[in-house]
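Visitor: based on what follows, work out the 3D shape:
(chains A and B)
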Amino acid sequence: MTKIEASMAGNLWKVLKQIGDKVETGEEVAILESMKMEIPVESETGGEIKAVLKEEGEFVNEGDALFEIE
Amino acid sequence: MFNKVLIANRGEIACRIIRSCQSLGVQTVAIYSEADRHALHVEQADEAFEAGAAKATDSYLNMEKVLYIAKKAKVDAIHPGYGFLSENADFCRRCREEGITFIGPKPETLSIMGDKVAARKQMQAAGVPVVPGSDGPVSSADEAVSFAESIGYPVMVKAAAGGGGIGMEIAQDAEALKKAFSSNQRRAANYFGSGSLYIEKALESPRHIEVQVLGDTYGNVIHLGERDCSIQRRHQKVLEEAPATGLSEGLRQQLRHAAIQAAKSLQYESAGTLEFLVEEDEFYFLEMNTRLQVEHPVTEVVTNIDIVQEQLHVGAGEALSVQQSEVDWQGYAIEARIYAEDPKTFFPSPGTIEVFDVPEGEHIRLDTGVRSGTEVTPFYDPMLAKLIGIGETRAEAIAGLRQALDECNIQGIRTNIPFLQEITRHPKVVNGQVTTNFVKEHF
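Guide: Numbering: from 1, shown residues only, chains lettered A, B, ... in the order given. All right, here's what the predicted structure looks like:
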């Protein structure tokens, strides 16, 4: 089990994957909004989403875990 | 003149407005969010009040809270700066209801020019050329495609309520247009509360030239000449200069005349900017910014007119302090926007600015909202400061800016300065031969 983390602090604008979704390495899994810019979050590994840890609209800090993936 | 003015903004523009208030002997009231408690504008104002949580909707965009503070502090007027509430007709009306002057145009003007479809109609009626486009919003992707086929590709999809480059996208064919239509409809609804879109013909390689205007309540309307803001990245300006270089005298006069016609048709009050796209000898109205603009300093430098002071005079019911015949242009000025972002990926770079050492001097003007120790948070626009190079010639102004950029020492966060250094050395920029495609083509 590994975690997909927020690449920077910001508002979690879109959660693009749900539990059970298959994800490839480099695929966009969420979009952060920081300083009025949309920042895609990509998965560094492939696998299946086991848990979605944050909700859309939540403020996240850099390094916060957004998903668990296996 | 007013006794006391509240500045409903933050960052460099709040500091800039405070400076003009001070030079006219007007007291200033700052507002700040939780995240901005230690910001420079808070320190520079005579009084400061917390407006709410870090999210802009809770603080800088919270109309009732801003008005509550304005009444508590007994201010005569509110200067909205740019962004936030500056083009909000409802806020302008609410200020009037509370007996507070909104420093800016009338609410009707904000309503018309804030709706891009209505603005096009207004300009057409005033005899100002507009880019060929749908004269109203298009309701579906299919309608967009059939309209695009009647004017020819490429076309631009634009949010009727949009701004800041958000909700607009160029499309080269029907397939791209369908995609652009649905994604921008969503984005526009999210950002502006309205997903209404319209279609314009996209020009191939235009320049972005804009004309600064000022109007007062006595019907005086003047222009302060033009600026060239063609160097843009994703529809956001990067470098701006005044005057525009390489324009024929005929075209320059036509642009100025069109701007005056447009402003007169609105009985325009306060400062505003008419933006045009220019291709060869043709020009088209793009939009009007009914507020102070980020790049106003370059015009101030070459005209020696303080635009914010003029806004304060007009807001207080006085006439403009200058007449058209007294406006005189001297020298060149070029402005670079310093952003807290990675110079390669352009991703935001929040954090604490450990060192902010940026030169100022006779040939350089610095408008900043930060200093050493300022924390840059993810909640707002990434612009930190503006550096303006000043010279008797264009070459001198660019050289001044280049040197100032080279001397900047900013530590703790990443900035776009390396990108600006490259741009100010590019032969096309040095020779004044850029269009709005420049950044896309060369970086």
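
Visitor: now do the strands in chain A.
Guide: Defined through DSSP state E, the strands belonging to chain A, from first to last, are A:2-5, A:10-15, A:22-23, A:28-34, A:37-42, A:47-52, A:59-60, A:65-69.

Visitor: include distance to residue B:98, mean pLDDT and mean neighbour count when you put these into TSV, please.
Guide: No exception for glycine: its C-beta is placed from N, CA and C like everyone else's. Rendered in TSV, the data for these read as follows (distance: least, C-beta to C-beta, whole Å; pLDDT from 0 to 100; neighbours: other C-beta atoms under 10 Å in any protein chain shown):
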stretch	distance to residue B:98	mean pLDDT	mean neighbour count
strand A:2-5	46	94	17
strand A:10-15	31	92	19
strand A:22-23	52	95	16
strand A:28-34	32	92	20
strand A:37-42	35	89	17
strand A:47-52	45	96	16
strand A:59-60	32	92	20
strand A:65-69	43	96	20
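
Visitor: export those strands to CSV and tack on distance to residue B:366?
Guide: Formatted as CSV, the strands of chain A follow (distance: least, C-beta to C-beta, whole Å):
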stretch, distance to residue B:366
strand A:2-5, 37
strand A:10-15, 28
strand A:22-23, 46
strand A:28-34, 25
strand A:37-42, 24
strand A:47-52, 45
strand A:59-60, 32
strand A:65-69, 39
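
Visitor: can I get these in JSON lines including distance to chain B?
Guide: What follows is these, written out as JSON lines (distance: least, C-beta to the nearest C-beta, whole Å):
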{"stretch": "strand A:2-5", "distance to chain B": "15"}
{"stretch": "strand A:10-15", "distance to chain B": "5"}
{"stretch": "strand A:22-23", "distance to chain B": "21"}
{"stretch": "strand A:28-34", "distance to chain B": "4"}
{"stretch": "strand A:37-42", "distance to chain B": "6"}
{"stretch": "strand A:47-52", "distance to chain B": "20"}
{"stretch": "strand A:59-60", "distance to chain B": "8"}
{"stretch": "strand A:65-69", "distance to chain B": "15"}
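
Visitor: residue B:350: which of those is closest?
Guide: In this view, the strands of chain A are compared for proximity to residue B:350 by C-beta to C-beta, and strand A:28-34 is the closest at 6.8 Å.

Visitor: against residue A:33, how distant is residue B:174?
Guide: Residue B:174 is 30 Å from residue A:33, where distance means C-beta to C-beta, to the nearest Å.

Visitor: can you give me the end-to-end span of stretch B:119-139?
Guide: For stretch B:119-139, the separation between the terminal residues is 19 Å (C-alpha to C-alpha, to the nearest Å).

Visitor: now what about that stretch, what contacts it?
Guide: Here stretch B:119-139 makes contact (C-beta atoms under 8 Å, 6 or more residues apart in numbering or on different chains) with B:112-113, B:117, B:144, B:147, B:151, B:160, B:181, B:196-201, B:203, B:258, B:261-262, B:264-266, B:274, B:277, B:282-288.

Visitor: from those residues, which ones fall inside helices?
Guide: Among the contacts of stretch B:119-139, the residues falling in helices (DSSP state H) are B:112, B:113, B:117, B:144, B:147, B:151, B:181, B:258, B:261, B:262, B:264, B:265.

Visitor: restricted to buried residues, select these in ChimeraX.
Guide: Buried members of the ones in helices among the contacts of stretch B:119-139 can be picked out in ChimeraX with the line below, counting by 16 or more other C-beta atoms under 10 Å in any protein chain shown:
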select /B:112,113,117,144,147,181,258,262,265
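
Visitor: tell me the one of the ones in helices among the contacts of stretch B:119-139 nearest chain A?
Guide: Taking C-beta to the nearest C-beta as the measure, chain A sits nearest to residue B:181 out of the ones in helices among the contacts of stretch B:119-139, at 18.3 Å.

Visitor: ok, the closest one - contacts?
Guide: Under the criterion of C-beta under 8 Å, 6+ apart, the contact list for residue B:181 reads B:138, B:140, B:141, B:144, B:157, B:197.

Visitor: which residues touch residue B:194?
Guide: If you count contacts by C-beta under 8 Å, 6+ apart, residue B:194 has them with B:159, B:160, B:161, B:188.

Visitor: now swap in residue B:382 and tell me
Guide: Taking C-beta under 8 Å, 6+ apart as the criterion, residue B:382 is in contact with A:35, A:36, A:37, B:339, B:340, B:341, B:348, B:349, B:376.

Visitor: you'd agree the fourth one is up against residue B:383?
Guide: The one in question is residue B:339. Yes - between residue B:339 and residue B:383 a contact is recorded at 5.6 Å, counting by C-beta atoms under 8 Å.

Visitor: more neighbours: which of the two?
Guide: Under the neighbour definition other C-beta atoms under 10 Å in any protein chain shown, residue B:339 and residue B:383 were set side by side, and residue B:339 has more, 26 against 22.
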